[in-house]
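In: Here is my input, please return the structure:
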Amino acid sequence: MRRPGLGPARGHGRMSKFHALDLGLVVRGHGRHYIVEDGDGRRLVCHPRGKKSDCVVGDQVRFAPAGSDEGVIEAVEPRRNLLFRQDEWKTKSFAANLDQLLVLVAVEPVFSESQLSRALIAAEQAGIATTIALNKTDLPGAAAARERLAPYRAMGLPVMELALKADPLASRAQLAPWLEGKTSFVLGPSGTGKSTLINLLVPDAQAQVGDISQALNSGRHTTTTTQWYWVDAARQTALIDSPGFQEFGLKQIEPAELPLLMPDLRAHADHCRFYNCTHQHEPGCGVREAVAAGQISASRYRIYGEILEQLTAKRW
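Out: Below is the predicted model of the structure:
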């Protein structure tokens, strides 16, 4: 079984230049400080050479050791994928080289369908398989939450139900086979149960964070940055946690690309009379006909319109 993050290096053009350097995995980052794990599981504090710093958790990097517990990053290996969000001011990269994404929502607090849709669109663009997990299904509002997720089940997205605190054993049994042998990223707003999930699946999670904090001689970043965890001692199964977020910008997407990244709209977009249909006002629009027929939910179509308006506005 392959080891996530440290598979065979790609990019033969750079191998000739960096073949003598060690290959490492970025497991955490703080500004220009990165924690890089080498092939033996040893973690070092590394700094990129030069002023540019574009590493993210999950990157494979070529680095030169500099002392017993430090190093210099010389190159980032080519990525399979990159999950990120972008607003008017900046781009926020979450992680790279992911096998799958788990979008965690909860019965309480009530989740934002707009934020959920935006995360799914970003993952679709990056080519990352996604599963939605509904947590706190032991609470009274579970039926309403399930109803709100019905359109996502209908478009073929896997939706699992969890009660991480009320029934941890059943939740673990459901998640473990889904995670096995893969690099999985957990994304979701604060309060959904991400910390509970991490502590349930990674018994030594605090120890892994503590080791990194000790390496940085600081513990003040423990809850504000993306963190890589090994789920198993063999380091074959990885779980990546991220801070909660309030906004999820999609400024990297072209307006015409948007409906193609929404599976329910995409299924009807080729039924439109006009090839450049915006699915807003044109006659003979297959998407609007599907909305009227109940084949696309009104909430999903509304979210599409809101995002399209934002993407169109930035071009003016």
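In: contacts and neighbour counts: CA atoms only from here.
Out: Fine.
In: what's the single longest helix in the chain?
Out: In terms of residue count, the longest helix belonging to the chain (DSSP state H) is helix 298-313.
In: pLDDT on it, on average?
Out: The pLDDT scores in helix 298-313 average 96.
In: for it, which positions count as buried?
Out: For helix 298-313, the neighbour count (16 or more other Cα atoms under 10 Å) marks 300-301, 303-305, 307-308, 311 as buried.
In: Including distance to residue 132, could these go into CSV?
Out: Below are the buried residues of helix 298-313 laid out as CSV (distance: Cα to Cα, whole Å):
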residue, distance to residue 132
300, 16
301, 19
303, 18
304, 19
305, 23
307, 21
308, 23
311, 25
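In: Dump stretch 250-263 to PDB, restricted to CA.
Out: Output of stretch 250-263 as PDB, limited to C-alpha atoms (Å, rounded to 0.1, in the frame of the first residue of the first chain):
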ATOM      1  CA  LEU A 250     -14.900  31.300  -5.600                       C
ATOM      2  CA  LYS A 251     -13.400  34.200  -7.600                       C
ATOM      3  CA  GLN A 252     -11.100  31.700  -9.400                       C
ATOM      4  CA  ILE A 253     -14.000  30.300 -11.400                       C
ATOM      5  CA  GLU A 254     -15.200  31.700 -14.700                       C
ATOM      6  CA  PRO A 255     -18.900  32.500 -14.900                       C
ATOM      7  CA  ALA A 256     -19.500  30.100 -17.800                       C
ATOM      8  CA  GLU A 257     -17.700  27.300 -15.800                       C
ATOM      9  CA  LEU A 258     -20.000  27.600 -12.800                       C
ATOM     10  CA  PRO A 259     -23.000  25.500 -14.000                       C
ATOM     11  CA  LEU A 260     -20.700  22.800 -15.200                       C
ATOM     12  CA  LEU A 261     -19.300  22.400 -11.600                       C
ATOM     13  CA  MET A 262     -22.800  21.900 -10.200                       C
ATOM     14  CA  PRO A 263     -23.900  18.400 -11.100                       C
END
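In: So what touches it?
Out: Residues from elsewhere that reach stretch 250-263 (Cα atoms under 8 Å, 6 or more residues apart in numbering): 85-88, 118, 121-122, 124-125, 155, 265-266, 269, 276, 278, 304, 308, 311-312, 314.
In: Check the offset of it from the chain's centre.
Out: Here stretch 250-263 is found 17 Å from its chain centre; the criterion is Cα atoms, centre = their mean, to the nearest Å.
In: again with stretch 264-277
Out: With Cα atoms, centre = their mean, you get 28 Å for stretch 264-277.
In: List the buried residues in it.
Out: 264-269, 272, 277.
In: Let's see which of those end up in helices.
Out: Using DSSP H, those in helices are 264-269.
In: got a list of what residue 59 touches?
Out: 5, 25-26, 76-77, 79, 95-97.
In: and the gap between the nearest residue to residue 187 once chain neighbours are set aside and residue 192?
Out: Nearest non-adjacent residue to residue 187, counting by Cα to Cα, 6 or more residues apart in numbering: residue 103, 4.9 Å away. Distance of residue 103 to residue 192, given as Cα to Cα, to the nearest Å: 10 Å.
In: Which one's more surrounded, those two?
Out: Neighbour count, other Cα atoms under 10 Å: between residue 103 and residue 192, residue 192 has more, with 25 against 21.
In: quick one: secondary structure of that one?
Out: Per DSSP: H, G, I helix; E, B strand; the rest coil, the local secondary structure of residue 192 is coil.
In: pretty sure it is touching residue 110, no?
Out: No: counting by Cα atoms under 8 Å, residue 192 does not reach residue 110; the two are 9.3 Å apart.
In: Give me the domain ranges for the protein.
Out: Using automatic domain parsing, the domains assigned to the chain come out as 12-76, 82-241, 255-313.
In: could you point out which element follows the strand with the most length in the chain?
Out: Across the chain, the longest stretch assigned as strand under DSSP state E is strand 22-30. Next in sequence after strand 22-30, counting helices and strands by DSSP states H and E, comes strand 33-37.
In: Now do that following strand and strand 22-30, the angle between them.
Out: 140 degrees (axes from the mean of the first three to the mean of the last three Cα atoms, to 10 degrees).
In: Using CSV, write out the CA atom coordinates for strand 33-37.
Out: What follows is strand 33-37 as a C-alpha-only set of coordinates in CSV (Å, rounded to 0.1, in the frame of the first residue of the first chain):
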residue,chain,number,x,y,z
HIS,A,33,7.8,28.2,8.9
TYR,A,34,6.8,24.7,7.8
ILE,A,35,6.9,21.4,9.6
VAL,A,36,8.2,18.7,7.2
GLU,A,37,8.2,15.0,7.9
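In: residues of that strand that come out buried?
Out: In strand 33-37, counting by 16+ other Cα under 10 Å, buried: 33-37.
In: Distance of residue 176 relative to residue 193?
Out: Distance from residue 176 to residue 193, by Cα to Cα: 17 Å.
In: In three-state terms, how would the residue nearest to residue 187 be classified?
Out: strand.
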